[in-house]
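**Student:** Predicted coordinates and the sequence they were generated for:
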Amino acid sequence: MFLGIVAWGQGRNQAARQSGPASPLTSLLRTLLTSVDPDQAKRDVLTLWGNDRWFTFPKFEETAKNAEAILRRAGLDDIEVGYPPADGVTQVGYWTEPLAWDVHTGTLEILDDSVPASERILADYQKVPSSLCMWSGPTPPGGVTTEVVLAPRDLAGADLKGKLVLGSRNSKTAFARAGALGLISDATENPSLGNAVRRWSASPSLPTARGRSAACSRRAP
């Protein structure tokens, strides 16, 4: 009986909606519904993501070319791809064009025989590009071996020279001025997502670590 009443009530509401004046968007939405190919849309999104996920400017240029190809396939022909100077200085309105950045490899590795070899690599850019922060600086050939220290509450007088600082969301500039070699952090915008969304990050039990091309690093999901 209850289900019958609910179904009847829904039917009355549906009939009431249909008897009202048609929305001016109805015909447009129907056209879009019959014209959109969800499978192709998914392929296009994956194509764009496949380049942008690397966070380098050469890959961004590939994304722009892919976007142009997608638009032309959709029937547009008056398309222009712009190449503003990526110098970190030029301004467009209130926006400063970011400095171009590129990277090929970057890893963060624990150097401790007590840690299983399969667990020593905490971050690898080639496997998870987001494990390396954009605009990280280069290391000397062969990388660097250094100590990892917990972020101090007060930078004044802290001994951070040449060390990696673990677990802080403070200013990267402040740590750089204090002599820190780089940052490792597990800070996240949404803790409920676990490792899905990270801003920097690594294991909280790091003894000594070796890094390549790492000014700041995130733990790989």
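**Tutor:** Noted; the coordinates are in hand. Numbers count the residues shown, from 1 in each chain.

**Student:** from here on, contacts and neighbour counts on C-alpha atoms
**Tutor:** Noted.

**Student:** any idea how far the most centrally placed residue in the chain is from residue 53?
**Tutor:** What sits nearest the mean C-alpha location of the chain, by CA atoms, centre = their mean, is residue 130, with 5.5 Å. Distance of residue 130 to residue 53, computed by CA to CA, to the nearest Å: 7 Å.

**Student:** list residues touching both of the two?
**Tutor:** Common neighbours of residue 130 and residue 53, using CA atoms under 8 Å, 6 or more residues apart in numbering, do not exist here.

**Student:** hmm, back to that, my reading is that the residue nearest to the centre of the chain lies in a helix. Confirm?
**Tutor:** Yes - the assignment for residue 130 is a helix, going by DSSP: H, G, I helix; E, B strand; the rest coil.

**Student:** gap between it and residue 167?
**Tutor:** Per CA to CA, residue 130 is found 17 Å from residue 167.

**Student:** so what strands line up beside the lengthiest strand in the chain?
**Tutor:** If you go by DSSP state E, the chain has its longest strand at strand 144-150. Take DSSP bridges as the rule and strand 144-150 pairs in its sheet with strand 164-166 (parallel), strand 208-212 (antiparallel).

**Student:** how far out from the middle of the chain is stretch 158-172?
**Tutor:** Its chain's C-alpha centre and that of stretch 158-172 lie 22 Å apart, by CA atoms, centre = their mean, to the nearest Å.

**Student:** what sits up against that stretch?
**Tutor:** 146-152, 175, 178-187, 201-202, 204.

**Student:** I'd like to know which of these are part of helices.
**Tutor:** residue 175 (DSSP state H).

**Student:** Buried subset of the contacts of stretch 158-172 as a PyMOL selection?
**Tutor:** To isolate the buried ones among the contacts of stretch 158-172 in PyMOL, judged by 16 or more other CA atoms under 10 Å, type:
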select buried, resi 146+147+148+149+151+175+178+179+180+181+182+183+184+185+186+187+201+202
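
**Student:** picking up where we left off before, residue 105 versus the residue nearest to the centre of the chain, what's the distance?
**Tutor:** In terms of CA to CA, residue 130 sits 12 Å off from residue 105.

**Student:** what's the answer for residue 30, then?
**Tutor:** Taking CA to CA, one finds residue 30 at 48 Å from residue 105.

**Student:** Pick out whichever of the two has more residues nearby.
**Tutor:** With neighbours defined as other CA atoms under 10 Å, residue 30 and residue 105 compare such that residue 105 has more, 15 against 10.

**Student:** right, and the secondary structure at that one would be what?
**Tutor:** coil.

**Student:** I'd say it and residue 128 touch.
**Tutor:** No - between residue 105 and residue 128 there is no contact under CA atoms under 8 Å: 10.7 Å.
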